[in-house]
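Enquirer: dropping the sequence and predicted coords here.
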Amino acid sequence: MSEHIVVVDLGFGDAGKGATVDWLCSPDAGLGVSAVVRFNGGAQAAHNVVADGKHHTFAQFGSGTFSGVPTLLSRHMLVEPIALAGEARQLAALGVPDPLALLRIDGRALLTTPIHIAANRAREDARGSSRHGSCGRGIGETAAYALEHDAPTVGDCLRPRVLRQKLDLLAAHYGPLIAPSSHRYEPIADLIAMYGEFAAAVRIVDDGELGHLARRGRLIFEGAQGILLDEWRGFHPHTTWSTVEPRNARALLAGIGARAYVLGVTRTYQTRHGAGPLPTEDPALDIPEPHNTFGPYQGGFRRGPLDLPLLRYALAAAAGVDGLAVTHLDARTDSVATGYDTPSGFRTDLPLGTWRDLDHQRSLTSLLSTARPHLIAWPTEPSDYLASELDVPVVLASNGPDRADRTSLSRLRSAA
């Protein structure tokens with residue numbers, strides 16, 4: 001794998017991206033990583049890493065931080081400084097020296113504020129039983145507001161007068177939504193002061209930083225969420241306001257004349273945190289999830305056998321991947337879904353529509369809501385079976401949550 005590596009989740013999230021990135025950045029991997037680049041999402045990410053007796057749920061810092069690898073939050077990130085400061089304190093308590101010194105943040109990245117978060121929660125509360133499965137972290141509101149307004153950015157933290165104007169307009173826009181709710185936020189003057197301290201504590205960079213880091217070594221692009229939640233390829237309306245499939249990472253690399261090796265991550269069983277279709281869901285399935293619990297806005301953590309039609313769809317939505325990382329080999333179910341019985345007949349895959357065609361995505365949501373999975377026992381060891389069925393090599397496997405539980409393809413083969 002001589003190219004820079006893009007790590008994407010082939011499910012609904014929680015497949016093990018963080019642990020995969022941690023291993024790729026570790027001395028054991030020997031890849032000479034110069035930085036982890038975050039290319040989508042924001043503070044709602046929850047990438048669990050267990051290494052050397054330490055556990056941390058990475059949200060905005062890259063999952064290579066335990067190995068001292070710097071993080072670049074690209075212009076495609078939604079940056080939430082209050083949560084970022086809290087995460088830095090957690091990492092410092094775990095022994096990471098001066099975590100903020102490891103950060104570089106593109107000044108064009110959108111700023112997620114407490115105003116966005118209050119609006120997000122008020123809107124989701126108003127949906128009642130029809131909630132979309134939001135994390136309640138203001139991500140959708142940050143992205144939606146920026147489509148039609150001059151939204152605050154990280155670079156504005158260096159320009160308090162400009163930032164004040166933007167925050168005043170933001171508060172006025174969301175006032176009618178937030179006022180009737182129970183959600184509130186700090187006075188804008190306090191936010192301005194806090195964002196000034198944030199700007200003084202981190203390194204805000206321009207678009208030349210990516211090329212500079214690439215000249216120093218290999219880049220690992222760490223995706224957030226899962227391709228099945230992608231804003232244009234996911235099953236609308238139960239999606240994220242973020243491009244999860246790797247087009248943005250590929251575009252960033254193309255901009256510096258570099259290529260991407262796309263590594264797709266999948267569990268050996270299907271999971272979903274929150275509302276939306278999950279054809280193989282089995283409420284009786286009892287697989288411990290110590291790091292995935294009930295969320296006040298997402299709801300419960302759901303499980304079921306691995307769904308091959310969804311995996312094939314994710315591969316198509318990603319425009320192909322070069323290798324697979326298969327996780328949770330120690331906790332797999334007894335079966336795998338090879339297809340669905342649907343009102344229109346049996347099918348083993350889902351049609352990939354035109355990009356940004358939400359009518360097509362709604363039709364897939366409807367199809368999946370009535371699909372009955374066809375389950376079989378795993379014919380062979382999961383890594384071998386998936387490599388054969390998907391025609392993609394498995395290059396990394398995981399038999400547990402710890403970094404030490406990960407095995408590269410060559411070591412896996414020699415051990416077998």
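Expert: Yep, it's here. Since this is a predicted model, take the numbers as computed values, not measurements.
Enquirer: for the host helix or strand of A314, packing partners?
Expert: Following DSSP states H and E, one finds A314 within helix 308-317. Helix 308-317 sits against strand 260-267, strand 335-342, helix 382-390, with contacts defined as 3 or more Cβ pairs under 8 Å, 6 or more residues apart in numbering; DSSP states H and E. Where you see a C-beta, it was placed from the backbone N, CA and C, and this is true even at glycine.
Enquirer: which other helices and strands contact the last one?
Expert: Judged by 3+ Cβ pairs under 8 Å, 6+ apart, the packing partners of helix 382-390 are helix 308-317, strand 323-327, strand 394-398.
Enquirer: would you confirm that G304 belongs to a strand?
Expert: Yes: residue state for G304 (DSSP: H, G, I helix; E, B strand; the rest coil) corresponds to a strand.
Enquirer: of the helices and strands packed on helix 382-390, give the one that comes closest to A83.
Expert: Evaluated with Cβ to Cβ, the helices and strands packed on helix 382-390 place strand 323-327 nearest to A83, the distance being 25.7 Å.
Enquirer: relative orientation of the closest one and strand 260-267 in degrees?
Expert: Inter-element angle recorded for strand 323-327 and strand 260-267: 30 degrees (by axes from the mean of the first three to the mean of the last three Cα atoms, to 10 degrees).
Enquirer: after the longest helix seen in the chain, next one along is what?
Expert: Across the chain, the longest stretch assigned as helix under DSSP state H is helix 160-178. Toward the C-terminus, helix 160-178 is succeeded by helix 188-201 as the next helix or strand (DSSP H and E).
Enquirer: counting contacts, what elements does that next one pack onto?
Expert: helix 81-93, helix 160-178.
Enquirer: tell me the mean pLDDT for it?
Expert: For helix 188-201, the mean per-residue pLDDT is 97.
Enquirer: just to revisit the earlier point, could you say which of the helices and strands packed on helix 308-317 is packed most deeply?
Expert: Looking across the helices and strands packed on helix 308-317 with neighbours counted as mean count of other Cβ atoms under 10 Å, the highest average goes to strand 260-267: a mean of 24.
Enquirer: may I have that strand exported as CSV, CA atoms only?
Expert: The C-alpha trace of strand 260-267 is given here as CSV (Å, rounded to 0.1, in the frame of the first residue of the first chain):
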residue,chain,number,x,y,z
ALA,A,260,-5.8,7.1,-2.6
TYR,A,261,-5.8,3.5,-1.4
VAL,A,262,-9.3,3.1,0.0
LEU,A,263,-9.6,0.7,3.0
GLY,A,264,-13.2,-0.3,3.8
VAL,A,265,-14.0,-1.3,7.3
THR,A,266,-16.8,-3.8,8.2
ARG,A,267,-17.9,-5.7,11.3
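Enquirer: against which helices or strands is that strand packed?
Expert: When contacts are defined as 3+ Cβ pairs under 8 Å, 6+ apart, strand 260-267 packs onto strand 4-9, helix 17-25, helix 247-254, helix 308-317, strand 323-327.
Enquirer: change it to 6 Å
Expert: strand 4-9, strand 323-327 (3 or more Cβ pairs under 6 Å, 6 or more residues apart in numbering; DSSP states H and E).
Enquirer: what about the first one, distance to the chain center?
Expert: Chain-centre distance of strand 4-9: 11 Å, with Cα atoms, centre = their mean, to the nearest Å.
Enquirer: same check on stretch 259-270?
Expert: Remark: stretch 259-270 is offset 12 Å from the chain centroid, using Cα atoms, centre = their mean.
Enquirer: repeat that for stretch 304-324.
Expert: Chain-centre distance of stretch 304-324: 16 Å, with Cα atoms, centre = their mean.
Enquirer: please apply the same query to stretch 208-219.
Expert: In terms of Cα atoms, centre = their mean, the centre of stretch 208-219 is set 22 Å apart from its chain centre.
Enquirer: rewinding a little: identify each buried residue in the longest helix of the chain, please.
Expert: By neighbour count with 16 or more other Cβ atoms under 10 Å, helix 160-178 contains the buried residues 163-164, 166-167, 170-171, 173-174, 177-178.
Enquirer: coming back round to it: looking at the helices and strands packed on helix 188-201, spot the one closest to D125.
Expert: Using Cβ to Cβ, the helices and strands packed on helix 188-201 put helix 160-178 closest to D125, at 10.3 Å.
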